[in-house]
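Trainee: Fold the following and give me the result.
(one chain, ligands or ions: 2)
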Amino acid sequence: MSKVLIIGAGGVGTVVAHKVAQHPEVFTEVMIASRTQSKCDAIVKAIGNPNIKTAKVDADNVDELVTLFNSFKPEIVINVALPYQDLTIMEACLKAGVNYLDTANYEPKDEAHFEYSWQWAYKKRFEEAGLTAILGCGFDPGVSGVYTAYAAKHHFDEIQYLDIVDCNAGNHHKAFATNFNPEINIREITQNGRYYENGQWITTQPLEFHKALTYPNIGPRDSYLLYHEELESLVKNYPTIKRARFWMTFGQEYLTHLRVIQNIGMASIEPINYNGMEIVPLQFLKAVLPNPQDLGENYEGETSIGCRIRGIKDGKERTYYVYNNCSHQAAYQETGMQGVSYTTGVPAMIGAMMYLKGLWKRPGVWNVEEFDPDPFMDELNKNGLPWHEVFDGDLEL
Ligand SMILES: NC(=O)c1ccc[n+]([C@@H]2O[C@H](COP(=O)([O-])OP(=O)(O)OC[C@H]3O[C@@H](n4cnc5c(N)ncnc54)[C@H](O)[C@@H]3O)[C@@H](O)[C@H]2O)c1
Ligand SMILES: N[C@@H](CCCCN[C@@H](CCC(=O)O)C(=O)O)C(=O)O
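Mentor: Numbering: from 1, shown residues only. Ligands and ions are numbered 1, 2, ... in the order given. Below is the predicted model of the structure:
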(Lines give C-alpha, C1' and ligand atoms only; values in the text may rest on other atoms or scores of the structure.)
(Ligands and ions follow the chains in the order given, each with its own letter.)
Protein backbone atom coordinates (compact mmCIF):
# COMPACT_ATOMS: atom_id res chain seq x y z
CA MET A 1 0.00 0.00 0.00
CA SER A 2 1.57 3.31 -1.06
CA LYS A 3 -0.52 6.31 -0.22
CA VAL A 4 0.32 9.68 -1.73
CA LEU A 5 -1.06 13.08 -0.83
CA ILE A 6 -0.80 15.85 -3.44
CA ILE A 7 -1.06 19.36 -1.97
CA GLY A 8 -2.03 22.06 -4.50
CA ALA A 9 -4.66 21.90 -7.22
CA GLY A 10 -3.18 24.34 -9.74
CA GLY A 11 -1.66 23.62 -13.15
CA VAL A 12 1.19 21.53 -11.76
CA GLY A 13 -1.05 19.70 -9.24
CA THR A 14 -3.40 18.76 -12.08
CA VAL A 15 -0.55 17.18 -14.05
CA VAL A 16 0.81 15.37 -10.98
CA ALA A 17 -2.65 13.93 -10.29
CA HIS A 18 -3.07 12.70 -13.88
CA LYS A 19 0.37 11.09 -13.90
CA VAL A 20 -0.02 9.50 -10.45
CA ALA A 21 -3.36 8.05 -11.59
CA GLN A 22 -1.56 6.38 -14.52
CA HIS A 23 0.48 4.31 -12.04
CA PRO A 24 -1.93 2.46 -9.73
CA GLU A 25 0.77 -0.20 -9.26
CA VAL A 26 2.87 2.38 -7.37
CA PHE A 27 0.35 4.85 -5.99
CA THR A 28 -2.31 2.62 -4.53
CA GLU A 29 -4.27 5.38 -2.78
CA VAL A 30 -4.31 9.02 -3.79
CA MET A 31 -5.63 12.20 -2.19
CA ILE A 32 -5.52 15.77 -3.56
CA ALA A 33 -5.84 18.57 -1.03
CA SER A 34 -5.84 22.31 -1.55
CA ARG A 35 -7.33 25.52 -0.17
CA THR A 36 -10.39 25.07 -2.38
CA GLN A 37 -11.75 21.52 -2.34
CA SER A 38 -13.92 22.07 -5.44
CA LYS A 39 -10.73 22.52 -7.51
CA CYS A 40 -9.53 19.11 -6.30
CA ASP A 41 -12.94 17.60 -7.13
CA ALA A 42 -12.73 19.05 -10.66
CA ILE A 43 -9.35 17.35 -11.19
CA VAL A 44 -10.75 14.01 -10.00
CA LYS A 45 -13.69 14.41 -12.39
CA ALA A 46 -11.34 15.18 -15.30
CA ILE A 47 -9.26 12.08 -14.51
CA GLY A 48 -12.42 10.00 -14.17
CA ASN A 49 -11.27 7.98 -11.18
CA PRO A 50 -13.70 8.45 -8.29
CA ASN A 51 -11.38 6.52 -5.95
CA ILE A 52 -9.11 9.56 -5.70
CA LYS A 53 -9.99 11.35 -2.49
CA THR A 54 -10.04 15.12 -2.02
CA ALA A 55 -9.78 17.43 0.98
CA LYS A 56 -9.60 21.08 1.93
CA VAL A 57 -6.47 22.19 3.74
CA ASP A 58 -4.75 25.46 4.54
CA ALA A 59 -1.10 24.54 4.02
CA ASP A 60 0.03 27.63 5.93
CA ASN A 61 -1.39 25.99 9.05
CA VAL A 62 0.78 23.21 10.50
CA ASP A 63 -1.94 21.87 12.83
CA GLU A 64 -4.43 21.58 9.98
CA LEU A 65 -1.86 19.72 7.92
CA VAL A 66 -1.01 17.35 10.77
CA THR A 67 -4.69 16.54 11.29
CA LEU A 68 -5.05 15.75 7.58
CA PHE A 69 -1.84 13.66 7.51
CA ASN A 70 -2.93 11.70 10.59
CA SER A 71 -6.32 10.92 9.09
CA PHE A 72 -5.16 9.94 5.55
CA LYS A 73 -1.75 8.58 6.63
CA PRO A 74 0.17 9.20 3.38
CA GLU A 75 3.62 7.72 2.93
CA ILE A 76 4.73 10.78 0.95
CA VAL A 77 3.42 14.28 0.33
CA ILE A 78 3.96 15.90 -3.08
CA ASN A 79 3.96 19.62 -2.36
CA VAL A 80 2.85 21.52 -5.47
CA ALA A 81 1.23 24.40 -3.60
CA LEU A 82 3.32 27.59 -3.54
CA PRO A 83 6.91 27.99 -2.31
CA TYR A 84 5.54 29.91 0.70
CA GLN A 85 4.15 26.65 2.10
CA ASP A 86 7.34 24.55 1.97
CA LEU A 87 8.34 25.00 5.60
CA THR A 88 4.89 24.50 7.13
CA ILE A 89 4.47 21.31 5.11
CA MET A 90 7.95 20.08 6.12
CA GLU A 91 7.13 20.81 9.78
CA ALA A 92 3.88 18.88 9.49
CA CYS A 93 5.69 15.96 7.82
CA LEU A 94 8.06 15.75 10.80
CA LYS A 95 5.17 15.87 13.26
CA ALA A 96 3.14 13.19 11.47
CA GLY A 97 5.99 10.99 10.18
CA VAL A 98 5.48 11.61 6.45
CA ASN A 99 8.06 11.84 3.67
CA TYR A 100 8.25 15.00 1.56
CA LEU A 101 8.84 16.19 -2.03
CA ASP A 102 8.53 19.64 -3.64
CA THR A 103 9.36 21.47 -6.88
CA ALA A 104 10.45 24.92 -5.69
CA ASN A 105 12.55 26.22 -2.81
CA TYR A 106 10.99 28.07 0.12
CA GLU A 107 10.40 31.79 -0.35
CA PRO A 108 9.22 34.16 2.35
CA LYS A 109 6.07 35.97 1.18
CA ASP A 110 7.44 39.42 1.96
CA GLU A 111 10.81 39.01 0.24
CA ALA A 112 11.61 37.46 -3.15
CA HIS A 113 14.65 35.58 -1.92
CA PHE A 114 15.77 32.26 -3.36
CA GLU A 115 18.03 30.01 -1.33
CA TYR A 116 17.98 26.53 0.11
CA SER A 117 19.29 27.42 3.58
CA TRP A 118 15.85 27.36 5.20
CA GLN A 119 15.11 23.87 3.91
CA TRP A 120 18.62 22.46 4.28
CA ALA A 121 18.36 23.44 7.97
CA TYR A 122 15.84 20.57 8.33
CA LYS A 123 18.38 17.90 7.33
CA LYS A 124 19.20 16.64 10.82
CA ARG A 125 15.57 16.52 11.91
CA PHE A 126 14.53 14.49 8.85
CA GLU A 127 17.54 12.19 9.36
CA GLU A 128 16.67 11.61 13.01
CA ALA A 129 13.03 10.98 12.13
CA GLY A 130 14.06 8.44 9.46
CA LEU A 131 12.20 10.50 6.84
CA THR A 132 13.23 11.50 3.31
CA ALA A 133 12.73 15.00 1.91
CA ILE A 134 13.39 15.48 -1.81
CA LEU A 135 13.78 19.13 -2.80
CA GLY A 136 13.23 20.74 -6.17
CA CYS A 137 11.85 17.83 -8.19
CA GLY A 138 10.17 19.65 -11.10
CA PHE A 139 11.98 20.29 -14.39
CA ASP A 140 14.21 23.17 -13.39
CA PRO A 141 14.96 22.64 -10.59
CA GLY A 142 14.54 18.91 -10.93
CA VAL A 143 15.36 17.28 -14.23
CA SER A 144 18.15 19.86 -14.67
CA GLY A 145 19.83 18.37 -11.57
CA VAL A 146 19.16 14.78 -12.66
CA TYR A 147 20.63 15.53 -16.11
CA THR A 148 23.75 16.92 -14.41
CA ALA A 149 24.05 13.88 -12.16
CA TYR A 150 23.62 11.60 -15.18
CA ALA A 151 26.32 13.51 -17.07
CA ALA A 152 28.68 13.27 -14.08
CA LYS A 153 28.01 9.55 -13.64
CA HIS A 154 28.33 8.46 -17.27
CA HIS A 155 30.05 11.08 -19.38
CA PHE A 156 32.53 13.17 -17.37
CA ASP A 157 35.37 12.71 -14.93
CA GLU A 158 35.10 16.41 -14.19
CA ILE A 159 32.25 18.82 -14.97
CA GLN A 160 33.71 22.32 -15.40
CA TYR A 161 31.11 24.48 -17.14
CA LEU A 162 27.35 24.08 -16.74
CA ASP A 163 24.69 26.10 -18.55
CA ILE A 164 21.03 25.26 -17.98
CA VAL A 165 19.00 26.49 -20.94
CA ASP A 166 15.23 26.90 -20.71
CA CYS A 167 13.25 27.85 -23.82
CA ASN A 168 9.51 28.21 -24.12
CA ALA A 169 8.91 28.59 -27.85
CA GLY A 170 5.18 28.14 -27.50
CA ASN A 171 2.44 30.57 -28.53
CA HIS A 172 -0.71 30.77 -26.39
CA HIS A 173 -2.18 33.63 -28.44
CA LYS A 174 -2.58 35.96 -25.45
CA ALA A 175 -0.92 39.40 -25.37
CA PHE A 176 0.67 38.54 -22.02
CA ALA A 177 0.39 35.55 -19.72
CA THR A 178 2.68 33.63 -17.44
CA ASN A 179 2.85 29.86 -17.65
CA PHE A 180 2.76 29.13 -13.98
CA ASN A 181 1.61 31.07 -10.95
CA PRO A 182 2.13 34.72 -12.09
CA GLU A 183 3.08 35.96 -8.64
CA ILE A 184 5.83 33.36 -8.24
CA ASN A 185 6.98 33.67 -11.88
CA ILE A 186 7.24 37.48 -11.93
CA ARG A 187 9.01 37.55 -8.55
CA GLU A 188 11.58 35.15 -10.01
CA ILE A 189 12.37 36.85 -13.30
CA THR A 190 12.44 40.46 -12.04
CA GLN A 191 15.22 39.68 -9.54
CA ASN A 192 18.87 40.48 -10.13
CA GLY A 193 20.60 37.84 -12.22
CA ARG A 194 23.31 35.77 -10.58
CA TYR A 195 25.81 33.19 -11.74
CA TYR A 196 28.74 31.28 -10.31
CA GLU A 197 32.30 31.67 -11.55
CA ASN A 198 35.60 30.57 -9.98
CA GLY A 199 34.16 30.13 -6.51
CA GLN A 200 32.22 33.43 -6.47
CA TRP A 201 28.65 34.50 -7.11
CA ILE A 202 28.42 37.36 -9.59
CA THR A 203 25.33 39.55 -9.52
CA THR A 204 23.93 41.20 -12.65
CA GLN A 205 21.08 43.62 -13.24
CA PRO A 206 17.80 41.83 -14.00
CA LEU A 207 17.94 40.37 -17.53
CA GLU A 208 21.17 42.35 -18.20
CA PHE A 209 22.95 39.62 -20.20
CA HIS A 210 21.41 37.86 -23.13
CA LYS A 211 22.47 36.03 -26.25
CA ALA A 212 20.88 34.01 -29.01
CA LEU A 213 21.04 30.28 -28.35
CA THR A 214 19.85 27.67 -30.82
CA TYR A 215 17.32 25.18 -29.48
CA PRO A 216 16.70 21.84 -31.21
CA ASN A 217 13.69 21.82 -33.55
CA ILE A 218 13.11 25.51 -32.64
CA GLY A 219 16.05 27.58 -33.84
CA PRO A 220 17.72 30.63 -32.31
CA ARG A 221 15.99 32.39 -29.42
CA ASP A 222 17.22 35.31 -27.33
CA SER A 223 18.12 33.78 -23.94
CA TYR A 224 18.56 35.81 -20.76
CA LEU A 225 20.81 35.07 -17.82
CA LEU A 226 18.75 34.62 -14.63
CA TYR A 227 19.41 33.27 -11.18
CA HIS A 228 17.75 29.90 -10.70
CA GLU A 229 17.80 28.00 -7.45
CA GLU A 230 19.36 24.73 -8.65
CA LEU A 231 22.63 26.56 -9.31
CA GLU A 232 23.14 26.76 -5.53
CA SER A 233 22.94 23.02 -4.91
CA LEU A 234 24.71 21.99 -8.12
CA VAL A 235 27.86 24.01 -7.45
CA LYS A 236 27.91 22.62 -3.92
CA ASN A 237 27.45 19.01 -5.05
CA TYR A 238 29.84 19.30 -8.03
CA PRO A 239 32.80 21.31 -6.66
CA THR A 240 34.76 20.92 -9.92
CA ILE A 241 32.32 23.34 -11.59
CA LYS A 242 34.15 26.53 -12.57
CA ARG A 243 31.13 28.33 -13.95
CA ALA A 244 27.38 27.66 -13.67
CA ARG A 245 24.69 29.76 -15.31
CA PHE A 246 20.99 29.61 -16.13
CA TRP A 247 19.39 31.02 -19.29
CA MET A 248 15.70 31.51 -20.09
CA THR A 249 14.17 32.72 -23.36
CA PHE A 250 11.86 35.71 -23.50
CA GLY A 251 10.15 37.25 -26.52
CA GLN A 252 10.15 41.05 -27.07
CA GLU A 253 6.39 41.23 -26.58
CA TYR A 254 6.70 39.50 -23.20
CA LEU A 255 9.55 41.80 -22.13
CA THR A 256 7.68 44.95 -23.17
CA HIS A 257 4.69 43.92 -21.04
CA LEU A 258 6.97 43.03 -18.15
CA ARG A 259 8.72 46.40 -18.33
CA VAL A 260 5.41 48.27 -18.29
CA ILE A 261 4.14 46.12 -15.39
CA GLN A 262 7.27 47.02 -13.42
CA ASN A 263 7.31 50.69 -14.40
CA ILE A 264 3.74 51.22 -13.23
CA GLY A 265 4.40 49.43 -9.94
CA MET A 266 2.29 46.35 -10.59
CA ALA A 267 5.18 43.92 -9.94
CA SER A 268 5.60 45.25 -6.40
CA ILE A 269 5.15 42.90 -3.43
CA GLU A 270 4.86 45.82 -0.96
CA PRO A 271 1.29 46.06 0.37
CA ILE A 272 -0.54 49.32 -0.45
CA ASN A 273 -3.74 50.78 0.93
CA TYR A 274 -6.53 50.89 -1.67
CA ASN A 275 -9.84 52.34 -0.49
CA GLY A 276 -9.18 51.20 3.06
CA MET A 277 -8.12 47.72 1.96
CA GLU A 278 -4.56 46.41 2.00
CA ILE A 279 -3.60 44.89 -1.35
CA VAL A 280 -0.34 43.63 -2.84
CA PRO A 281 -0.05 44.97 -6.42
CA LEU A 282 1.46 41.72 -7.79
CA GLN A 283 -1.34 39.68 -6.22
CA PHE A 284 -3.91 42.01 -7.78
CA LEU A 285 -2.17 41.64 -11.15
CA LYS A 286 -2.44 37.86 -10.80
CA ALA A 287 -6.19 38.24 -10.44
CA VAL A 288 -6.51 40.02 -13.80
CA LEU A 289 -3.99 38.04 -15.86
CA PRO A 290 -5.03 34.91 -17.76
CA ASN A 291 -5.04 31.83 -15.56
CA PRO A 292 -2.03 29.67 -16.61
CA GLN A 293 -4.32 26.64 -16.33
CA ASP A 294 -6.52 27.95 -19.16
CA LEU A 295 -3.76 28.45 -21.73
CA GLY A 296 -3.50 24.87 -22.99
CA GLU A 297 -6.32 24.61 -25.52
CA ASN A 298 -4.87 26.96 -28.16
CA TYR A 299 -1.22 26.56 -27.24
CA GLU A 300 1.10 25.77 -30.14
CA GLY A 301 4.81 25.01 -30.18
CA GLU A 302 7.07 23.44 -27.62
CA THR A 303 9.42 23.95 -24.71
CA SER A 304 13.05 22.88 -24.81
CA ILE A 305 14.98 22.60 -21.55
CA GLY A 306 18.40 21.10 -21.13
CA CYS A 307 21.91 21.19 -19.74
CA ARG A 308 24.92 22.19 -21.81
CA ILE A 309 28.04 20.89 -20.12
CA ARG A 310 31.76 21.15 -20.80
CA GLY A 311 34.41 19.22 -18.89
CA ILE A 312 36.95 16.44 -19.00
CA LYS A 313 36.59 12.75 -19.81
CA ASP A 314 39.62 10.43 -20.01
CA GLY A 315 41.96 13.41 -20.09
CA LYS A 316 40.18 15.06 -23.06
CA GLU A 317 37.80 18.01 -23.24
CA ARG A 318 34.23 17.01 -24.03
CA THR A 319 30.92 18.82 -24.51
CA TYR A 320 27.54 17.30 -23.82
CA TYR A 321 24.01 18.62 -24.30
CA VAL A 322 21.06 16.71 -22.85
CA TYR A 323 17.56 18.05 -23.34
CA ASN A 324 13.86 17.43 -23.64
CA ASN A 325 11.43 19.10 -26.03
CA CYS A 326 7.82 19.05 -24.86
CA SER A 327 4.83 19.90 -27.06
CA HIS A 328 2.23 22.12 -25.38
CA GLN A 329 -0.55 20.52 -27.43
CA ALA A 330 0.50 16.95 -26.54
CA ALA A 331 0.61 17.95 -22.86
CA TYR A 332 -2.85 19.49 -23.14
CA GLN A 333 -4.32 16.46 -24.90
CA GLU A 334 -3.04 14.19 -22.14
CA THR A 335 -3.71 16.27 -19.01
CA GLY A 336 -5.65 19.42 -19.98
CA MET A 337 -2.61 21.55 -19.00
CA GLN A 338 0.11 23.26 -21.09
CA GLY A 339 3.75 22.21 -21.37
CA VAL A 340 5.20 24.25 -18.50
CA SER A 341 2.84 22.60 -15.98
CA TYR A 342 3.47 19.24 -17.65
CA THR A 343 7.27 19.49 -17.54
CA THR A 344 7.02 20.25 -13.81
CA GLY A 345 4.34 17.74 -12.81
CA VAL A 346 5.78 14.67 -14.54
CA PRO A 347 9.15 14.82 -12.67
CA ALA A 348 7.33 15.39 -9.37
CA MET A 349 5.38 12.17 -9.94
CA ILE A 350 8.58 10.33 -10.91
CA GLY A 351 10.39 11.58 -7.79
CA ALA A 352 7.59 10.23 -5.58
CA MET A 353 7.73 6.96 -7.53
CA MET A 354 11.51 6.77 -6.93
CA TYR A 355 10.88 7.17 -3.20
CA LEU A 356 8.07 4.61 -3.05
CA LYS A 357 10.11 2.05 -5.02
CA GLY A 358 12.86 2.47 -2.43
CA LEU A 359 15.31 3.85 -5.02
CA TRP A 360 15.48 7.35 -3.56
CA LYS A 361 14.72 6.50 0.05
CA ARG A 362 17.35 8.04 2.33
CA PRO A 363 16.63 9.84 5.61
CA GLY A 364 17.56 13.52 5.43
CA VAL A 365 16.94 16.46 3.12
CA TRP A 366 18.33 16.08 -0.39
CA ASN A 367 18.48 17.78 -3.76
CA VAL A 368 17.70 15.50 -6.67
CA GLU A 369 21.26 15.27 -7.99
CA GLU A 370 22.27 13.50 -4.76
CA PHE A 371 20.34 10.37 -5.80
CA ASP A 372 21.04 7.80 -8.54
CA PRO A 373 19.87 9.47 -11.78
CA ASP A 374 19.54 6.27 -13.85
CA PRO A 375 16.10 4.99 -12.78
CA PHE A 376 14.71 8.53 -12.94
CA MET A 377 16.08 9.01 -16.48
CA ASP A 378 14.42 5.72 -17.51
CA GLU A 379 11.07 6.89 -16.17
CA LEU A 380 11.34 10.24 -17.99
CA ASN A 381 11.44 8.29 -21.26
CA LYS A 382 8.41 6.23 -20.27
CA ASN A 383 6.30 9.08 -18.91
CA GLY A 384 6.19 11.70 -21.64
CA LEU A 385 9.50 13.58 -21.25
CA PRO A 386 11.99 11.71 -23.47
CA TRP A 387 15.49 13.09 -23.52
CA HIS A 388 18.15 13.40 -26.21
CA GLU A 389 21.92 13.75 -26.14
CA VAL A 390 24.43 15.58 -28.34
CA PHE A 391 28.12 14.79 -27.81
CA ASP A 392 30.94 17.16 -28.68
CA GLY A 393 28.72 19.70 -30.44
CA ASP A 394 29.07 23.50 -30.29
CA LEU A 395 27.48 24.63 -27.00
CA GLU A 396 27.48 28.29 -28.17
CA LEU A 397 28.48 29.26 -24.61
N1 LIG B 1 10.66 23.24 -10.76
C2 LIG B 1 9.97 23.66 -11.81
O3 LIG B 1 10.32 23.34 -12.94
C4 LIG B 1 8.74 24.49 -11.63
C5 LIG B 1 8.17 25.10 -12.77
C6 LIG B 1 6.92 25.73 -12.62
C7 LIG B 1 6.32 25.80 -11.35
N8 LIG B 1 6.94 25.26 -10.26
C9 LIG B 1 6.32 25.32 -8.91
O10 LIG B 1 5.13 24.55 -8.91
C11 LIG B 1 4.27 25.01 -7.89
C12 LIG B 1 2.84 25.09 -8.39
O13 LIG B 1 2.73 25.93 -9.52
P14 LIG B 1 1.32 26.17 -10.24
O15 LIG B 1 1.57 26.85 -11.52
O16 LIG B 1 0.56 24.89 -10.24
O17 LIG B 1 0.65 27.19 -9.24
P18 LIG B 1 -0.91 27.49 -9.08
O19 LIG B 1 -1.03 28.84 -8.49
O20 LIG B 1 -1.64 27.18 -10.34
O21 LIG B 1 -1.35 26.38 -8.02
C22 LIG B 1 -1.01 26.44 -6.68
C23 LIG B 1 -2.06 25.66 -5.90
O24 LIG B 1 -1.71 25.72 -4.52
C25 LIG B 1 -2.85 26.08 -3.77
N26 LIG B 1 -2.46 26.80 -2.58
C27 LIG B 1 -1.86 28.01 -2.49
N28 LIG B 1 -1.73 28.36 -1.20
C29 LIG B 1 -2.24 27.34 -0.47
C30 LIG B 1 -2.41 27.12 0.92
N31 LIG B 1 -2.02 28.01 1.82
N32 LIG B 1 -2.99 25.97 1.31
C33 LIG B 1 -3.39 25.04 0.41
N34 LIG B 1 -3.27 25.20 -0.91
C35 LIG B 1 -2.71 26.35 -1.34
C36 LIG B 1 -3.66 26.98 -4.71
O37 LIG B 1 -5.01 27.06 -4.30
C38 LIG B 1 -3.46 26.27 -6.04
O39 LIG B 1 -4.39 25.22 -6.17
C40 LIG B 1 4.85 26.36 -7.46
O41 LIG B 1 5.52 26.18 -6.23
C42 LIG B 1 5.84 26.71 -8.54
O43 LIG B 1 6.91 27.49 -8.06
C44 LIG B 1 8.13 24.58 -10.37
N1 LIG C 1 10.62 26.10 -16.57
C2 LIG C 1 10.46 27.51 -16.37
C3 LIG C 1 9.12 27.91 -16.78
C4 LIG C 1 9.01 29.35 -17.10
C5 LIG C 1 9.10 29.72 -18.57
C6 LIG C 1 9.36 31.20 -18.67
N7 LIG C 1 9.52 31.73 -20.01
C8 LIG C 1 8.55 32.70 -20.33
C9 LIG C 1 8.73 33.27 -21.72
C10 LIG C 1 7.45 33.78 -22.35
C11 LIG C 1 7.60 34.53 -23.65
O12 LIG C 1 8.69 34.90 -24.07
O13 LIG C 1 6.56 34.75 -24.28
C14 LIG C 1 7.22 32.00 -20.21
O15 LIG C 1 6.35 32.49 -19.50
O16 LIG C 1 7.04 30.95 -20.83
C17 LIG C 1 10.82 27.86 -14.93
O18 LIG C 1 11.45 27.05 -14.29
O19 LIG C 1 10.60 28.95 -14.44
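Trainee: The closest residue to ligand 2 within the stretch 51-200 of the chain: what's it in contact with?
Mentor: Per CB to the nearest ligand atom, the residue of the stretch 51-200 of the chain with the smallest distance to ligand 2 is residue 168, at 3.4 Å. The way it works is simple: take the backbone N, C-alpha and C, and place the C-beta from them, glycine included. Counting by CB atoms under 8 Å, 6 or more residues apart in numbering, residue 168 touches 179, 249, 303, 339, 340.
Trainee: Can you tell me how far it is from ligand 1?
Mentor: 11 Å (CB to the nearest ligand atom, to the nearest Å).
Trainee: circling back to that earlier point, from the contacts of residue 168, list the ones also adjacent to ligand 2.
Mentor: Contacts with ligand 2 within the contacts of residue 168, counted by CB under 6 Å from any ligand atom: 179, 249, 340.
Trainee: ok, back up a step: which ones among the contacts of residue 168 lie within strands?
Mentor: 249, 303 (DSSP state E).
Trainee: And the furthest pair within the contacts of residue 168?
Mentor: Maximum pairwise distance among the contacts of residue 168 (CB to CB): 13.3 Å, between 249 and 339.
Trainee: Comparing those two, which shows the higher neighbour count?
Mentor: Neighbours were counted for residue 249 and for residue 339 using other CB atoms under 10 Å; residue 339 has more, 29 against 22.
Trainee: on that earlier part again, got the contacts of residue 168 as JSON lines, with distance to residue 215 columns?
Mentor: Shown next, in JSON lines, are those (distance: CB to CB, whole Å):
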{"residue": "179", "distance to residue 215": "16"}
{"residue": "249", "distance to residue 215": "8"}
{"residue": "303", "distance to residue 215": "9"}
{"residue": "339", "distance to residue 215": "13"}
{"residue": "340", "distance to residue 215": "15"}
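Trainee: got CSV for the contacts of residue 168, with pLDDT too?
Mentor: CSV is the format used below for the contacts of residue 168 (pLDDT from 0 to 100):
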residue, pLDDT
179, 91
249, 97
303, 98
339, 97
340, 96
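Trainee: For residue 290, which residues are in contact?
Mentor: 172, 174, 177.
Trainee: swap in residue 34?
Mentor: 7, 8, 9, 10, 13, 40, 56, 57, 81.
Trainee: where does it fall, phi/psi-wise?
Mentor: Backbone torsions of residue 34, given as degrees, to the nearest 10, read phi -160, psi -180.
Trainee: Is it bridged to anything, and to what?
Mentor: residue 56 (DSSP bridges).
Trainee: Against residue 233, how distant is it?
Mentor: Using CB to CB, to the nearest Å, we find residue 34 at a distance of 28 Å from residue 233.
Trainee: ok, residue 351 to ligand 2 distance?
Mentor: Taking CB to the nearest ligand atom, one finds residue 351 at 16 Å from ligand 2.
Trainee: Torsion angles phi and psi at that residue?
Mentor: According to degrees, to the nearest 10, residue 351 has phi -60, psi -40.
Trainee: residues in contact with the residue nearest to it when sequence neighbours are not counted?
Mentor: Closest residue in space to residue 351, ignoring its immediate chain neighbours: residue 137 at 3.6 Å, by CB to CB, 6 or more residues apart in numbering. Going by CB under 8 Å, 6+ apart, residue 137 touches 101, 102, 103, 347, 348, 350, 351, 368.
Trainee: Looking at residue 137 now. What's its pLDDT?
Mentor: On the pLDDT scale, residue 137 is placed at 98.
Trainee: Name the residues of stretch 168-185 that come out as buried.
Mentor: 168-170, 172, 177-185 (16 or more other CB atoms under 10 Å).
Trainee: Between all of the residues you listed, which two are separated the most?
Mentor: 169 and 183 (24.2 Å).
Trainee: before we move on, back to that, and the residue nearest to residue 351, how far is that from residue 349?
Mentor: 9 Å.
Trainee: and if you look at residue 221?
Mentor: Following CB to CB, the distance that separates residue 221 from residue 349 is 28 Å.
Trainee: These two - which one has more neighbours?
Mentor: Higher neighbour count among residue 221 and residue 349: residue 349, with 27 against 19, using other CB under 10 Å.
Trainee: where's the more buried one, which helix or strand?
Mentor: helix 339-356 (DSSP states H and E).
Trainee: after that helix comes which helix or strand?
Mentor: Beyond helix 339-356 toward the C-terminal end (DSSP H and E), the next one is strand 364-367.
Trainee: Any chance you could list what contacts that following strand?
Mentor: For strand 364-367, contacts defined as CB under 8 Å, 6+ apart pick out 116, 119-120, 122-123, 126-127, 132-136, 141, 145, 230, 233-234, 237, 360.
Trainee: Among those residues, the buried ones, what's the PyMOL command?
Mentor: The command below creates a PyMOL selection of those among these that count as buried (16+ other CB under 10 Å):
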select buried, resi 116+119+120+122+126+132+133+134+135+136+141+145+230+233+234+237+360
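Trainee: Take the contacts of strand 364-367 and keep only those in helices.
Mentor: Of the contacts of strand 364-367, the ones assigned to helices by DSSP state H are 119, 120, 123, 126, 127, 145, 230, 233, 234, 237.
Trainee: With pLDDT and distance to residue 202 as added columns, please give these in TSV.
Mentor: TSV is the format used below for the ones in helices among the contacts of strand 364-367 (pLDDT from 0 to 100; distance: CB to CB, whole Å):
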residue	pLDDT	distance to residue 202
119	98	24
120	98	22
123	98	28
126	98	32
127	98	34
145	98	21
230	98	17
233	98	18
234	98	16
237	98	20
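Trainee: The nearest residue to residue 310 once chain neighbours are set aside: which element?
Mentor: Using CB to CB, 6+ apart and skipping residues adjacent in sequence, the residue nearest residue 310 is residue 161, 4.1 Å away. Assessed by DSSP H and E, residue 161 sits inside strand 158-168.
Trainee: number of nearby residues for the nearest residue in space to residue 91 that is not next to it in sequence?
Mentor: Sequence neighbours aside, residue 62 is the residue nearest to residue 91 in space, at 4.9 Å (criterion: CB to CB, 6+ apart). Using other CB under 10 Å, residue 62 has 19 other residues around it.
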